[in-house]
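J.: build the 3D model from these lines:
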Amino acid sequence: MTLDELNAHRDGLVELARLREILDRLRDKAHPGAQRLDGMPHGSGVGDPTGQLAAEIADLSAVIEAQEQALRSSGQAVARFVDTIPDARTRLVFRLRFVHGLSWKEVADHLGQYTSEWSAANICYDYLDDQRAESFQG
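T.: Residues are numbered from 1 along each chain as shown. Here you go, the predicted structure:
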């Protein structure tokens, strides 16, 4: 598996989290009492803010469902690849970064106080470089 494939999956995870946050905010806006009721008349024209909000929620829910479906497929491939990594620490780095979608800082925090973002990333990149070198030799 290439770094581009791994990063594409991780980017999808990050995007999915962002979309879920937006959906949560939209749902919060839709709760009763979330609307500003001040008794004052508003601008002219006819509009249906509640209907628009419901449509946005439905559309975004469909986008999220499609994103989840796509990530299920790529997530299985990533998980299978990660499971083949023999070294436990390297496997943990890959799992945290590419299966759970954590940032390099978060990965480093999980590895311990003496691990920097840079060293966590290098564990990943060194492993991939070694794999690429082995595939050229083999």
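
J.: every contact and neighbour count from this point should use C-alpha atoms.
T.: OK.

J.: and the next element down the chain from the longest helix seen in the chain?
T.: Determined from DSSP state H, the single longest helix within the chain is helix 49-83. Remark: after helix 49-83, the chain's next helix or strand is helix 88-94, criterion DSSP states H and E.

J.: helices and strands around that following helix, which ones?
T.: Applying 3 or more CA pairs under 8 Å, 6 or more residues apart in numbering; DSSP states H and E, one finds that helix 88-94 makes contact with helix 49-83, helix 117-137.

J.: give the buried residues for the first one.
T.: With burial defined by 16 or more other CA atoms under 10 Å, the residues of helix 49-83 counted as buried are I57, L60, I64, Q67, L71, S74, G75, A77, V78, V82.

J.: looking at those residues, which is nearest V93?
T.: V82 (9.4 Å; CA to CA).

J.: what's the pLDDT at the closest one?
T.: Looking at V82, its pLDDT stands at 97.

J.: cool, and G45?
T.: G45 is assigned 55 on the pLDDT scale.

J.: repeat for F136
T.: Listed pLDDT for F136 reads 82.

J.: quick check: it vs L3, distance?
T.: Between F136 and L3 the distance is 16 Å, computed by CA to CA, to the nearest Å.

J.: who's more crowded, the two?
T.: It is L3, of F136 and L3, that has more neighbours when counted by other CA atoms under 10 Å, with 13 against 7.

J.: doesn't L128 make contact with that one?
T.: Yes: L3 is in contact with L128 according to CA atoms under 8 Å; the separation is 7.4 Å.

J.: mutual contacts of those two, please.
T.: Common neighbours of L3 and L128, counting by CA atoms under 8 Å, 6 or more residues apart in numbering, are absent.

J.: domain map for the protein?
T.: Split into domains by automatic domain parsing, the chain comes to 1-36+49-84, 85-138.
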